[in-house]
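> Sequence first, then the predicted structure, then my questions.
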Amino acid sequence: MFFCHDVPNYLLVQYNLPMDRIDSPANARVKKWASLSQKKHRDSLGMFLVEGEHLCQEARQAGCLELAIMDQEGLFDFGNTVLVNEAIMRKLSSNVSQAHLIGLCRKPEARPRKQERVLLLDDVQDPGNLGTMIRTAVSFGFDGVYCSPGCADVYNEKTIRSTQGALFHIPVLRQDLETIIEDLHAQGVLVVGTCLHGAIGMSQLQEQEKMAFVLGNEGNGVNERILGLCDKRAKIEMQGFESLNVAVAAGIFMYRFRASSNGQRASGNGR
């Protein structure tokens with residue numbers, strides 16, 4: 001953990017207490033924070049960075065924010081803060097335009113409390129697609145997202161930016177999909193693999209109380225081994241083109257079998 005002060009900002013101001021400050025990019029803490037640009041360090045430390053006020057607020061509300069790093073005093077009210085200079089911000093930021101607020105976050109450890117609607121992602125490579133699907137899963141009331149070990153990293157800065165903070169609102173776990181499908185079957189969840197061949201149309205897919213949807217790699221789709229474990233195979237009926245971007249396809253399936261605000265399922269052939 002990287003704790004600085006445990007004193008709220010308003011007390012620092014009220015009693016004229018100095019805010020912790022770092023001016024050297026060679027500082028050991030700065031080097032450790034900068035190392036989080038690499039997945040191996042995010043995994044070993046269990047930490048990651050977010051940029052901007054919105055993502056820092058989402059992290060704070062989720063209880064994941066450990067430290068607020070800023071280049072101007074008063075940008076963000078949080079108990080553990082450190083003031084740095086422009087050179088350090090450039091070292092830590094992944095944005096082309098300079099960030100003024102960066103949050104050091106602990107990886108969430110939540111697991112789905114229920115599994116009535118679940119998204120399984122098989123080797124999705126593009127961080128933007130992954131982040132968009134996580135955001136869409138939250139929007140349509142899904143309970144959790146499982147990513148295969150071959151998926152893009154959830155805590156890649158592009159993935160985080162694409163989620164717009166949604167990763168703090170839903171359990172996202174990186175696990176072997178074969179094991180997850182076995183567990184889902186044991187809980188009575190209907191597992192639907194998405195593919196183009198040997199599949200029924202989405203409109204023919206009968207809604208069940210518990211459903212999981214498997215979306216696959218951008219170029220190769222869902223692995224045949226994983227499809228072989230699914231209860232059903234389904235596709236989106238289309239005209240003109242055979243396939244869609246994986247995030248678009250996932251959004252259509254999730255919307256079709258979404259949860260409504262009162263907890264009842266909202267698809268056209270609902271029970």
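Cool, the structure landed. Everything quoted here is computed from the prediction, not taken from an experiment.
> Flag the shaky bits of the chain, pLDDT-wise.
1-19, 96, 260-271 (pLDDT under 70).
> Strands along that one, start to end?
For the chain, the strands defined by DSSP state E cover 21-22, 47-51, 65-70, 81-84, 101-106, 117-122, 144-147, 172-174, 190-194, 200-201, 211-216, 232-235.
> Counting by contacts, list what the last one packs against.
Okay, so that is strand 232-235. Applying 3 or more CB pairs under 8 Å, 6 or more residues apart in numbering; DSSP states H and E, one finds that strand 232-235 contacts strand 190-194, strand 200-201. To be clear about C-beta, it is placed using only N, CA and C from the backbone, and glycine gets the same treatment.
> if you compare the ones you listed, which one is most tucked away?
Of all those, strand 190-194 has the most neighbours on average by mean count of other CB atoms under 10 Å, namely a mean of 23.
> quick one: that strand to strand 211-216, angle?
30 degrees (axes from the mean of the first three to the mean of the last three CA atoms, to 10 degrees).
> then strand 190-194 to PDB, C-alphas only?
Provided in PDB are the C-alpha atoms of strand 190-194 (Å, rounded to 0.1, in the frame of the first residue of the first chain):
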ATOM      1  CA  LEU A 190     -28.200 -21.700 -19.200                       C
ATOM      2  CA  VAL A 191     -24.900 -21.000 -21.000                       C
ATOM      3  CA  VAL A 192     -25.300 -19.500 -24.500                       C
ATOM      4  CA  GLY A 193     -22.400 -19.400 -26.900                       C
ATOM      5  CA  THR A 194     -22.500 -16.900 -29.700                       C
END
